[in-house]
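Novice: only geometry, no sequence info:
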């Protein structure tokens, strides 16, 4: 107001630029587009009034400018790539520097439908649409003057299918202290093995291999020699579905078996049996040949021991000829131990069983008659129920035998089982060879 009358009012923005002039008032007013300022926050506008006498008076007013929509982000299950459940948690951020965040809303169908506006929170539980595959969730936030953010989006793969199928589990390259386990899954997944010394206590784990593959391989180190380990393989797909195999086992290898004893049995004057005892089961072989010249030109080939015993028959030998031999042992990993060379000879006067008959068979006993090539103070036979292990069967001595002028012996044996088939071997006396 003015006693001589206000003729016009000029309005200026925060940059002192003239916004406009109103000479039609009172009231004096003007419309201002705050977007021309390009600055949010507290701003000051100025008005200058003029009267007919040319006098002026100015006044200011403070307003808050907010031309920037809020910003934010959305992550499904903390930015997980996969989920096995339709029910997920949204992890949200939002900011507005001027008026502040007020509301939020969501869409799970690409913006065709939105939830109602609700007060902003940093998390939100939501249910994804049914059906496996990629799911996208949209979000918008608004500030307190009603500005709405751009649409914020995140996606996740819904996988409600079964866990990986494990197959073709194999244990390879077993040594004394390590082993490799391989397996296959029908989908890309992680690799790990749980193991222990008891099937009820798989208390150790290999390091998790997080790379997703279908052909898996895990190698153990630092295992104990000749020890049984129980294990199961574990694979988890990208969605978090976990599969466990059944519990299986393997035994670590031993060093090549150590020869504990060697016995020789003469069968004829040209045939000898090696009876070899080792500390562990394994494979055993005998190399032999002349002491002079062709040493170790012949060998028996590898044979798996019966328990810790092995028997090899060497034929076509020459009586009173000196032979050299050595015993070879091999473990499952193929490591070979070569024994110390030694000599043996079959004497031309060795006692040999030339004939044997079985008489006086009852339900529990039998008599063995043996004819020898020459007189011997003792006769021994071996018998048993398994022809493959006769050399480890019952040892029959000559107790109670009768010598007559025809060089014959009789061995009576009791304690047989009724209805049982027995096998016997016509061995001569065991020789105390080195």
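Specialist: Received the coordinates, thanks. Fair warning: this is a prediction, and the values are worked out from it, not measured in the lab.
Novice: ok, residues contacting stretch 6-25?
Specialist: Residues outside stretch 6-25 that contact it (C-beta atoms under 8 Å, 6 or more residues apart in numbering) are 26, 28-30, 32, 36-37, 39, 43-52. All C-beta atoms are positioned from the backbone trio N, CA, C, and that covers glycine.
Novice: restricted to buried residues, select the residues you listed in PyMOL.
Specialist: In PyMOL syntax, the buried subset of these is picked out as below (16 or more other C-beta atoms under 10 Å):
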select buried, resi 28+37+43+45+47+49+50+51
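Novice: centre of the chain to stretch 59-76, how far?
Specialist: 55 Å (C-alpha atoms, centre = their mean, to the nearest Å).
Novice: which of the residues in it are buried?
Specialist: Here stretch 59-76 shows 65, 66, 70, 72, 74, 75, 76 as buried, counting by 16+ other C-beta under 10 Å.
Novice: who does the first one form a beta bridge with?
Specialist: Judged by DSSP bridges, the bridge partners of residue 65 are residue 41.
Novice: quick one: it and residue 33 touch, right?
Specialist: No. Using C-beta atoms under 8 Å as the test, residue 65 is too far from residue 33 to be in contact (10.7 Å).
Novice: among the buried residues of stretch 59-76, name the ones in helices.
Specialist: Secondary structure assignment by DSSP state H places none of the buried residues of stretch 59-76 in helices.
Novice: now the residues you listed in CSV, with pLDDT and distance to residue 153?
Specialist: Shown next, in CSV, are those (pLDDT from 0 to 100; distance: C-beta to C-beta, whole Å):
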residue, pLDDT, distance to residue 153
65, 81, 29
66, 81, 25
70, 93, 16
72, 95, 11
74, 97, 7
75, 97, 11
76, 97, 10
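Novice: so for the helix or strand encompassing residue 43, mean pLDDT?
Specialist: Residue 43 belongs to strand 41-51 when assigned by DSSP states H and E. Mean per-residue pLDDT for strand 41-51: 85.
Novice: quick one: the strands in the stretch 301-434 of the chain?
Specialist: 303-304, 309-314, 323-330, 336-338, 342-344, 353-359, 366-372, 381-384, 394-396, 408-413, 423-425, 430-431 (DSSP state E, counting those that start in this stretch).
Novice: ok, of those strands, where does mean pLDDT dip lowest?
Specialist: Lowest mean pLDDT of the strands of the stretch 301-434 of the chain: strand 430-431, a mean of 38.
Novice: now do whichever strand or helix holds residue 182: which elements does it pack against?
Specialist: Per DSSP H and E, residue 182 falls inside strand 179-196. Using 3 or more C-beta pairs under 8 Å, 6 or more residues apart in numbering; DSSP states H and E, the elements in contact with strand 179-196 are strand 166-172, strand 204-205, strand 209-220, strand 228-236.
Novice: next, format the ones you listed as CSV and append distance to residue 273 and mean pLDDT.
Specialist: CSV is the format used below for the helices and strands packed on strand 179-196 (distance: least, C-beta to C-beta, whole Å; pLDDT from 0 to 100):
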stretch, distance to residue 273, mean pLDDT
strand 166-172, 36, 96
strand 204-205, 46, 94
strand 209-220, 41, 95
strand 228-236, 33, 96
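Novice: in JSON lines: those, plus mean neighbour count and distance to residue 142.
Specialist: Shown next, in JSON lines, are the helices and strands packed on strand 179-196 (neighbours: other C-beta atoms under 10 Å; distance: least, C-beta to C-beta, whole Å):
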{"stretch": "strand 166-172", "mean neighbour count": "14", "distance to residue 142": "50"}
{"stretch": "strand 204-205", "mean neighbour count": "12", "distance to residue 142": "50"}
{"stretch": "strand 209-220", "mean neighbour count": "15", "distance to residue 142": "41"}
{"stretch": "strand 228-236", "mean neighbour count": "21", "distance to residue 142": "41"}
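Novice: nearest to residue 136, out of the ones you listed?
Specialist: Residue 136 lies closest to strand 209-220 among the helices and strands packed on strand 179-196, at 22.9 Å (C-beta to C-beta).
Novice: just checking, what packs against the closest one?
Specialist: Secondary elements touching strand 209-220 (3+ C-beta pairs under 8 Å, 6+ apart): strand 179-196, strand 228-236.
Novice: out of these, which is closest to residue 160?
Specialist: strand 179-196 (13.9 Å).
Novice: any idea of the mean pLDDT for the closest one?
Specialist: In the prediction, strand 179-196 has an average pLDDT of 96.
Novice: what are the buried residues along that strand?
Specialist: Applying 16+ other C-beta under 10 Å to strand 179-196 flags 179, 181-185, 187, 189-196 as buried.
Novice: farthest-apart pair in these, please.
Specialist: 187 and 196 (27.7 Å).
Novice: can you list contacts of stretch 199-216?
Specialist: 182-196, 218, 220, 230-233, 235, 237-238, 247, 249.
Novice: ignore what I typed, I meant stretch 155-162.
Specialist: With contacts defined as C-beta under 8 Å, 6+ apart, stretch 155-162 is touched by 76-77, 80-86, 88, 128, 131-137, 237-239, 241.
Novice: whichever of those residues end up buried, select them in ChimeraX.
Specialist: To isolate the buried members of the contacts of stretch 155-162 in ChimeraX, using 16+ other C-beta under 10 Å:
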select :76,77,83,88,128,135,136,137,237,239,241
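Novice: before we move on, the earlier item: of the helices and strands packed on strand 179-196, which is nearest residue 279?
Specialist: Residue 279 sits nearest to strand 228-236 of all the helices and strands packed on strand 179-196, at 17.7 Å, using C-beta to C-beta.
Novice: quick one: distance of the closest one to the chain centre.
Specialist: For strand 228-236, the distance to the chain centre is 6 Å (C-alpha atoms, centre = their mean).
Novice: what angle do that strand and strand 179-196 make?
Specialist: 90 degrees (axes from the mean of the first three to the mean of the last three C-alpha atoms, to 10 degrees).
Novice: for strand 228-236, packing partners?
Specialist: Counting by 3+ C-beta pairs under 8 Å, 6+ apart, strand 228-236 packs on strand 166-172, strand 179-196, strand 209-220, strand 242-244, strand 248-251.
Novice: can you tell me the strand partners of the first one and which way each runs?
Specialist: When you say that, I think you mean strand 166-172. strand 179-196 (antiparallel).
Novice: before we move on, back to that, now, the contacts of stretch 155-162 that are in strands?
Specialist: Among the contacts of stretch 155-162, the ones falling in strands (DSSP state E) are 76, 82, 83, 88, 133, 134, 135, 136, 137.
Novice: turn those into CSV, columns for distance to residue 322.
Specialist: Formatted as CSV, those follow (distance: C-beta to C-beta, whole Å):
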residue, distance to residue 322
76, 86
82, 77
83, 81
88, 86
133, 83
134, 84
135, 87
136, 90
137, 91
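Novice: which among the residues you listed gets closest to residue 59?
Specialist: Looking across these and measuring by C-beta to C-beta, the closest to residue 59 is residue 137, at 50.6 Å.
Novice: with that, I have no additional questions.
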